[in-house]
Structure formats: structure tokens, C-alpha cells
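J.: fold the following and give me the result.
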Amino acid sequence: MKNHHSICAAATLLIAFFCSSAIVTGAEQSEVRKEGITFMERMPEEVIVPFVTLRNRTGKMEPSDYYGGSRGSLETGFCTVNFYPIWGLEDIAESVPFYVPDERIELSGIKESSLTELEREIRSLADKDNGNLVLYIHGYNIDFEKSCRRGALLQRALGLKERLLLFSWPADGSMLKYTWDEADLSWSVPHLASFLEQVFSTAGPGRVDVVAHSLGARGIVQALIRLSYRYTDKLILNELVLIAPDIDTNIFRQELEQLENVVRRITVYVSENDKALKLSQEVHGYPRLGQAGEELTIFEQVETIDISGISLRRFSGHIYHLFNPEVINDLTELLTTGKSAAHRSRLKATQKGGLDYWLLEPRDE
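T.: Numbering: from 1, shown residues only. As a prediction, the model looks like this:
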């Protein structure tokens, strides 16, 4: 038994390591001329992300410490994230097959707002008809500062300005607290379901998409299952996108029929190279929905995208939605055009057990 606990503790540490990362992408450029030579210089960039959080207020005024990892009440606001280019690294970052940070990312400000103000913003978005609201739910080992940085990265990479809303549940941001985060996620589910109901009522039918990563995917599925018993004949979500979902595959199978009642389309991104999910399987004893290879499970009602064939760029193979160009492009096409997997540009259809799924092809060199 002691050996089993030691293995679980070690696996939890490694999952945390694999789930931790910062990712950077290109910023705006300006033309600079020195000594008769003209070149492009990247400019600092500011990204503002609206958020909803269930975290406790710490009483500290520093943006990075404003909210903690304990449970609180639902609060809303806007976080400001700044991207500062690191001169000379952009060309290197683009030319190597692995991740090289070429920007410094900083949470520089938090502005509180009321839920009424947020609802007004959501209603305004629906009136503009510039695309659906995209609710982004992060995974394990993510403190508030990192959740804002990841929200800003995703908003910028996918071109979701004014469309992305971050939901930050009280994950601790500690490598040793995987089971604590699981407990906090379960506590968050009723609050997430209630908030999702408000967003659905404000934005209107078919106007809300959700992108959820890793453990956050488990939270949104559980929240939607709760709502499915009240909304038996209504679609709450347009697109449900689960990226590297840390969900027991067989439990998902049991819940899928109920989930279908409230979601128009479910897309799942999976990978054979996801080391964090392999370790999660060791901790829980059962395969995870986001795994491919021998553990790949295909569901007729789900569009499964296998990204195993593209470059890892990060050793963990777990946070590919933030830095793999192929995944970013496919997500952008999905959330911008609404095209099914069969009609998106870099997906190749294949089958397993007579059921269709799709391989994401590497970009042309």
C-alpha cells in the first residue's frame, strides 16, 4: 500500500510538471531603420480578458496575488495581460521544432466588475453578431495569474477578441495538490452550471461555445449533465470542445447520451504523446478520454481529432492548444466557421472499429 501511495504521489508531481507551461506567439511589428538597414521590430502588446472566478480574495493588491487558490464566491472582472518581446529570439523560436520563449508575459492589472456589467457585455456581443461567446475553462495546477495568461494567449492565438470569457475555478497552482484540485473542481461544478445557465439565458440559443482543457473538461461535462435534467429539450451549447480531457473514458461513455441532449456538437482532441494523461491513468487506474494510441476510444456522436502526428514542441505533449500551430489553426477554423471535422482543411478521415475519426496533419515545411 505504501508503494502505491508513493507511486501516486510521484505521478501527481509529474502531472503537475507536464501541465505547467507558458507559451508565446507573435506580436505586432513596427518598422525600424538603423544604419541604413530596415527591419521589423515586434512591439509590446496588451490583451484584456474578461473573467469569472470562484476564487477567494487574498486581500493583497498585487494583480498576481489578488485571488488565491481557496474557494470563494462568484466574482467577475477584467484582467490585463502584457506581452513583451524578447529581442532576437523570434527567428530562433520559429525555426526549431521545440518551444523557445520569445516573449515575457505579465499580468499587469485587474479591474473588478459586476455580474450585471458582464451580462451587458455578453448581450452586446450577441447583438454585434461577430461570432459566439467562447467560455474557456483551464485545467489543474493553474493559479489565477496563470489562468489569465493562458486566457490571453488563447484569445490572441485564435483571434477571439471580445469573444473569449475566462472561467477560473480555484485550482491551487501547486504540483502536490492534484487531489485538492479535483475536490475544488467538484465543488465548482454547481456554480459553473448556474453561471452557464445565466450565460445561456443572456446570449440566447446557439450563441455559446465552450473550450475546456484537461481537468477543466471534466468540470464542464459534469455541469452540463446537471443542466441536462432541467433542459430536456433545449440545446445549451453550440460547440463543446474538450482538449486533452482528463476524464475517465468509461464514465464519459455512460454520460454521453445525456450530454448530447444539451450540446449541438462535441469535439475531442486526443494525443498518443500526452504524458500528463498517461500519468493520470496511472493515478486513477483507468484510461483518460484525451489519450490516443492503444487507449483511443471513438464515439459515433463525437468528432475525435487525433493530433499524435504533429510535432510535440513541449515535452509534456499536453497543452498543445496554446502553442502548436496546427492545433491553433484547426481550433480557429472550428470556432470561426463552424465547419465540421469532415470539412476542415488539415484533417484526414480514418476509422477505428468502423467509426470515423480524424488525423490532424502536420503543416507543410
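
J.: switch to C-alpha atoms for all contacts and neighbour counts from now on
T.: Noted.

J.: look up how far M175 lies from the nearest residue to P245 once chain neighbours are set aside.
T.: Nearest non-adjacent residue to P245, counting by Cα to Cα, 6 or more residues apart in numbering: S214, 4.2 Å away. As defined by Cα to Cα, to the nearest Å, S214 lies at a distance of 15 Å from M175.

J.: neighbour count winner among those two?
T.: The residue with more neighbours, out of S214 and M175 and counting by other Cα atoms under 10 Å, is S214; that gives 25 against 19.

J.: tell me where the stretch 51-200 of the chain has helices.
T.: With helices called from DSSP state H, counting those that start in this stretch, the stretch 51-200 of the chain shows them at 90-95, 115-128, 144-158, 178-203.

J.: those into TSV, with extra columns for mean pLDDT, mean neighbour count and distance to P325?
T.: TSV is the format used below for those (pLDDT from 0 to 100; neighbours: other Cα atoms under 10 Å; distance: least, Cα to Cα, whole Å):
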stretch	mean pLDDT	mean neighbour count	distance to P325
helix 90-95	57	14	11
helix 115-128	87	15	27
helix 144-158	97	24	9
helix 178-203	97	18	29
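
J.: quick one: which of those helices is nearest S271?
T.: Proximity to S271, assessed across the helices of the stretch 51-200 of the chain by Cα to Cα, is greatest for helix 144-158 (19.5 Å).

J.: show me where the stretch 201-350 of the chain has strands.
T.: For the stretch 201-350 of the chain, applying DSSP state E, counting those that start in this stretch gives strands covering 208-213, 237-243, 263-270, 302-306, 347-352.

J.: who are the packing partners of the fourth one?
T.: The criterion is 3 or more Cα pairs under 8 Å, 6 or more residues apart in numbering; DSSP states H and E, and the helices and strands that strand 302-306 contacts are strand 263-270, strand 355-360.

J.: buried stuff in it?
T.: Of the residues in strand 302-306, V302, E303, T304, I305, D306 count as buried by neighbour count, 16 or more other Cα atoms under 10 Å.

J.: need those residues in TSV (columns: pLDDT).
T.: TSV is the format used below for these (pLDDT from 0 to 100):
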residue	pLDDT
V302	98
E303	98
T304	98
I305	98
D306	98
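
J.: thinking T267 is in contact with L242, fair?
T.: Yes. Look at T267 against L242 with Cα atoms under 8 Å: they come within range, at 6.2 Å.

J.: between the two, who's got more neighbours?
T.: Set side by side, T267 and L242 give different neighbour counts by other Cα under 10 Å, the larger being at L242 (28 against 19).

J.: next up, the contacts around S64.
T.: Counting by Cα atoms under 8 Å, 6 or more residues apart in numbering, S64 makes contact with L107, S108, F144, E145.

J.: which residue, other than its chain neighbours, is closest to the third one?
T.: Right, the one you point to is F144. With Cα to Cα, 6+ apart as the criterion, F144 has its nearest non-adjacent residue at 6.3 Å, and that residue is Y67.

J.: hey, what's the one you found bridged with?
T.: Applying DSSP bridges to Y67 gives these bridge partners: R57.

J.: picking that back up, now, which of the contacts of S64 sits nearest V221?
T.: Compare each of the contacts of S64 with V221 using Cα to Cα and the shortest gap goes to F144, at 21.8 Å.

J.: got a list of what the closest one touches?
T.: Applying Cα under 8 Å, 6+ apart, the residues contacting F144 are S64, D65, Y67, G68, G69, S168, P170.

J.: how does it look with 10 Å?
T.: By Cα atoms under 10 Å, 6 or more residues apart in numbering, the residues touching F144 are 53, 55, 63-69, 79, 107, 150, 168-173.

J.: excluding sequence neighbours, find me the nearest residue to E361.
T.: Taking Cα to Cα, 6+ apart, and ignoring the residues beside it in sequence, E361 has R346 as its nearest neighbour in space, at 5.6 Å.

J.: what do you get for L158?
T.: T332 (5.2 Å).

J.: quick one: that neighbour from S345, how far?
T.: In this structure, T332 and S345 are 11 Å apart, going by Cα to Cα.

J.: over to E272?
T.: From E272 across to S345, the span is 22 Å (Cα to Cα).

J.: which one's more surrounded, these two?
T.: For E272 and S345, the more surrounded residue by other Cα under 10 Å is E272, and the numbers stand at 19 against 13.

J.: I figured that one hits E295, correct?
T.: Yes. The pair E272 / E295 is scored as a contact, 8.2 Å apart, by Cα atoms under 10 Å.

J.: for these two, list the residues in contact with both.
T.: With Cα under 10 Å, 6+ apart applied, the overlap between the contact sets of E272 and E295 consists of K278.

J.: you'd agree L107 is up against R149?
T.: Yes. Counting by Cα under 10 Å, L107 does reach R149; the two are 6.8 Å apart.

J.: need the overlap of contacts for these two.
T.: Overlap between the contact sets of L107 and R149, as judged by Cα under 10 Å, 6+ apart, is given by V47, C79, T80, V81, N82, F83.

J.: what's the closest of those to E121?
T.: C79 (15.0 Å).

J.: list the residues that contact L277.
T.: Taking Cα under 10 Å, 6+ apart as the contact definition, L277 lies against 15, 18-19, 214, 244-247, 270-271, 283, 287-291, 316-318.

J.: distance of the residue nearest to F144 relative to G59?
T.: Distance from Y67 to G59, counting by Cα to Cα: 8 Å.

J.: skipping adjacent residues, who's closest to the residue most central in space within the chain in space?
T.: The central residue of the chain, meaning the one whose C-alpha is nearest the mean C-alpha position (Cα atoms, centre = their mean), is H213 at 4.0 Å. On the basis of Cα to Cα, 6+ apart, the spatially nearest residue to H213 that is not a chain neighbour turns out to be I243, at 4.8 Å.
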